[in-house]
Every structure is written in structure tokens, then in C-alpha cells.
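>>> Quick one: sequence plus predicted model below, questions after.
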Amino acid sequence: MTDAPISVLLVDDQSLFRAGIRMLVDSQPDLTIVAEAEDGATGLARAVELRPDVVLMDVRMPVMDGIEATSAILERFDATGLSAPKIIVLTTFDLDEAAATALRRGASGFLLKDTHPEFLLAAIRTVHAGNAVIAPSATVELFRHVGGGSTSPVPAQFATLTSREHDIFLFAASGLSNSEIAAQEFVSEATVKTHISRVLAKLGLRDRVQLVIYAYEHGLVDRGRLHPRG
């Protein structure tokens, strides 16, 4: 018995772009486009109706843009207790403030619309497996450019992190990979993964991308420099 293909909802207002992405995705035996939508409102309705595994979401669209659609989809699924689809935001600019906003709203990452086809396919599989679609270091770079401004107070649950979890949080927030963190902490990558999972659970975060955003929004990092504990 073979596993069901990963179901993908494509939301973009450009019909030619949708046609190209559909041909690419449907060429893979483990992936399938289950529906298309030309605006965010229709994308929301299709997501609720079909419950796809992954949503490819354009940022700029009529009726409802990709940022609002991302928020609405995740809020709708969270309210019903259903597992929410992973959302990949598609943007034209690599340092796009709209992409940063979408990540804050819960998107699992972003891709440039002219990304290499093989990278797009790999990204769909990556987010479906529960990982971020962009390297956390790319998220750091994005928020260095557009994530400035005032910060929010650090939530109380941050103090519940153990000393080791706190250190690993800061390393992850700076964009280090699991292997790099393991080398810094003199532990195995498996141990790092376990600590990252605990940190995400304690802070109520979806993934590593959300961890980086959390760090920036609460002033725990500043232009790539980490704020020590206490």
C-alpha cells in the first residue's frame, strides 16, 4: 500500500503562473494539486473545504491578500482543533516586508516566485514533514532588514526554559543549524532536536521560523547579536 500524495492548494491571481505550478507539481507521483484559487478569500474557502496538506500562497492578490488569507486559514483550523495546513508564501522580493508579516501570522516560510522548480518541490515536501521551508538564517536576514522597530515585553513563559533550552533558543534564533548548535553545546544533533521541540512547545511556537520571529519581536536579538540571560 502506497502513501497518499501530499495534497497542495495553489492560491495565486496569475492564471499562467498557476498553470505552470500545476504542471510541475502534478508531474511528481507523491504530490498533487487538489485545487486552485485566484484570491485569498477563495483560497480560504478551498482550504476549509478540502483540508490540504500544504498551501502555496501568493502575497499580493485581490479581494483578500495572502497575509490575511494565511491568518484566516490558521485561525479557522486552530478554532476547530484540526491540523492546519502548512503555508508557503510566494513573493517576488527576497526581503519583502509582506513576507515578514506573513511569517509573523504563522506561515511556515517563503519562496521567491522565480525559485528553481526542484527547490519548490523540495520545499513542499519539507514543510509537509514539519520543517521550515527556508533556512532560519534567511529568516534572520529578512528580519534584520524589515523587522526593526519597537519590541514587545518578553512573555512569562520564556522564563520557564531551562538554562540549556535558553542557550539553544538563542543559537537557533541567530540562525544556527542543528549541527552547528550541537558543536557549540557538545551534544548530539538528536539532543538538539529534542530541546528545540521542548522550546517550541513551551513558547507555543509552530516551528523554527516562528522561533526567530519571537526572538526579534521580544528584543532577544539585535542585529544578529544575542541578549544573554538575566
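Thanks, I have it. Given the structure is predicted, the values throughout are model-derived calculations rather than measurements.
>>> pull the helix or strand with minimum mean pLDDT from the chain.
strand 225-226 (a mean of 44; mean pLDDT, DSSP states H and E).
>>> Show residues contacting stretch 37-46.
With contact meaning C-beta atoms under 8 Å, 6 or more residues apart in numbering, stretch 37-46 is reached by 9-13, 15, 18, 35, 52, 55, 57, 61-66, 68-69, 72-73, 76. Any C-beta I mention is one placed from the backbone N, CA and C, and that applies to glycine too.
>>> how is the protein carved up into domains?
What the record gives for the chain is the domain set 6-145, 156-218, from the TED database.
>>> now the contacts of stretch 37-46: which count as buried?
Among the contacts of stretch 37-46, those classed as buried by 16 or more other C-beta atoms under 10 Å are 9-13, 18, 35, 52, 55, 57, 61, 64-66, 68-69, 72-73.
>>> Which stretches in this protein count as helices?
According to DSSP state H, the chain carries its helices in the segments 15-26, 40-50, 66-80, 97-105, 117-128, 136-146, 163-173, 178-185, 189-203, 208-217.
>>> okay, those in JSON lines with distance to residue 87 next?
Output for the helices of the chain, formatted as JSON lines (distance: least, C-beta to C-beta, whole Å):
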{"stretch": "helix 15-26", "distance to residue 87": "15"}
{"stretch": "helix 40-50", "distance to residue 87": "9"}
{"stretch": "helix 66-80", "distance to residue 87": "5"}
{"stretch": "helix 97-105", "distance to residue 87": "8"}
{"stretch": "helix 117-128", "distance to residue 87": "8"}
{"stretch": "helix 136-146", "distance to residue 87": "15"}
{"stretch": "helix 163-173", "distance to residue 87": "21"}
{"stretch": "helix 178-185", "distance to residue 87": "23"}
{"stretch": "helix 189-203", "distance to residue 87": "17"}
{"stretch": "helix 208-217", "distance to residue 87": "11"}
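>>> Using a markdown table, please lay out these together with mean pLDDT.
A markdown table is the format used below for these (pLDDT from 0 to 100):
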| stretch | mean pLDDT |
| --- | --- |
| helix 15-26 | 95 |
| helix 40-50 | 95 |
| helix 66-80 | 91 |
| helix 97-105 | 77 |
| helix 117-128 | 89 |
| helix 136-146 | 62 |
| helix 163-173 | 91 |
| helix 178-185 | 89 |
| helix 189-203 | 93 |
| helix 208-217 | 82 |
